[in-house]
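S.K.: based on what follows, work out the 3D shape:
(one chain, ligands or ions: 1)
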Amino acid sequence: MDPIAYVNGSFVPLSEAKVSILDRGFLFADGIYEVSAVLDGKLIDNASHLARLQRSLGEIALELPESLERIEEIQKELIARNELTNGTVYLEVTRGADRGRDFAFPKGVRPTLIMFTSAKDIINAPSAKTGVAVITVPDIRWTRRDIKSVALLAQVLAKQAAAEAGAGEAWMIENGLVTEGGSSSAFILTQDDVLVTRHNSNEILPGCTRKAVLKLAEERQLRVEERPFSIAEALSAKEAFATSASLFVQAVISIDGKPVGTGNPGPMTQRLREIYVEFARATAV
Ligand code: PDD
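M.R.: Predicted coordinates for the structure are as follows:
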């Protein structure tokens, strides 16, 4: 079956889903995206993703193309039409297609809204059991990483370098400190059991999974510090992990070929993953 995509008001076969070559998402990366997980046909932590969508759009002065309620209805209809059980829904809003290529915002142009789904067994992904290796790369991104922009070339290059090195993720380094992963938030658990992840600012994306995991950890009296950490600190930590909508909580077992902790997924990482999955199932819509 050809999967179904959503393009500007219509559900169409993915192979026929098209936007203009003048679309500003294509020409300027003038757009915002979100990825929400799906478990058992239901959206995970979607209100958090839609709130971030609204904020990112606001930061680039782009209006919501539909109400958040309508966007969620479309996400749900797409999940149903694709009979998606487990995976992700991708959505993207761009400033639309003008008649030419002017940098300044066009007037009277309708934003583009597209969505498609991808099947993925997030719970039973092999790397959920084994953990992943991470490499480090310089963080060469712009300084508004809090905006979930579709301008992802730095992350494409970082993740390609990781793939070529046989690693699952790249941790980006700025001024000697980890900012975040190419498409995930970065955490460590120190030797005295403090959960450390960088504080939210313009330097990282405010991860929805990061936010939920921090709340769940604090509710369980785990000590949390939101501050940057170095690779040296990560290598002397007990455990390390990454979070994202498409991974949930994913153990990091080595950095640049050197083991973190025992070199295996740590017990706290596994526990936080279980706790997150429980939260996800309990709050799915
Ligand atoms: N990436 N940091 C970056 C740079 C990301 O691209 C992502 C998500 C995250 C984690 O955010 P969240 O927990 O809200 O998914 C952190 C998505 C999954 C992607 O680009 O596919």
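S.K.: which SS state does the residue in the stretch 1-150 of the chain positioned nearest to the ligand fall under?
M.R.: Closest to the ligand within the stretch 1-150 of the chain is residue 35: 4.1 Å, counting by CB to the nearest ligand atom. (Each C-beta comes from the backbone N, C-alpha and C, glycine too.) Of the three states, residue 35 takes strand according to DSSP: H, G, I helix; E, B strand; the rest coil.
S.K.: next one, pLDDT for it please.
M.R.: Residue 35 is assigned a predicted lDDT (pLDDT) of 98.
S.K.: and it, how far from residue 163?
M.R.: 19 Å (CB to CB, to the nearest Å).
S.K.: so what secondary structure elements neighbour the host helix or strand of residue 277?
M.R.: With elements taken from DSSP states H and E, the one containing residue 277 is helix 267-283. Applying 3 or more CB pairs under 8 Å, 6 or more residues apart in numbering; DSSP states H and E, one finds that helix 267-283 makes contact with strand 31-39, helix 208-219, strand 239-244, strand 248-255.
S.K.: what's the most buried one of the ones you listed?
M.R.: By mean neighbour count, with neighbours taken as mean count of other CB atoms under 10 Å, strand 239-244 ranks first of the helices and strands packed on helix 267-283 at a mean of 27.
S.K.: in its sheet, what does it sit against?
M.R.: strand 185-189 (antiparallel), strand 248-255 (antiparallel) (DSSP bridges).
S.K.: pull the first one out as PDB, backbone CA atoms only.
M.R.: This points to strand 185-189. C-alpha atoms of strand 185-189 as PDB (Å, rounded to 0.1, in the frame of the first residue of the first chain):
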ATOM      1  CA  SER A 185      19.100  15.600  24.000                       C
ATOM      2  CA  ALA A 186      22.200  14.500  26.000                       C
ATOM      3  CA  PHE A 187      22.200  13.300  29.600                       C
ATOM      4  CA  ILE A 188      24.700  11.800  32.000                       C
ATOM      5  CA  LEU A 189      24.300  10.200  35.500                       C
END
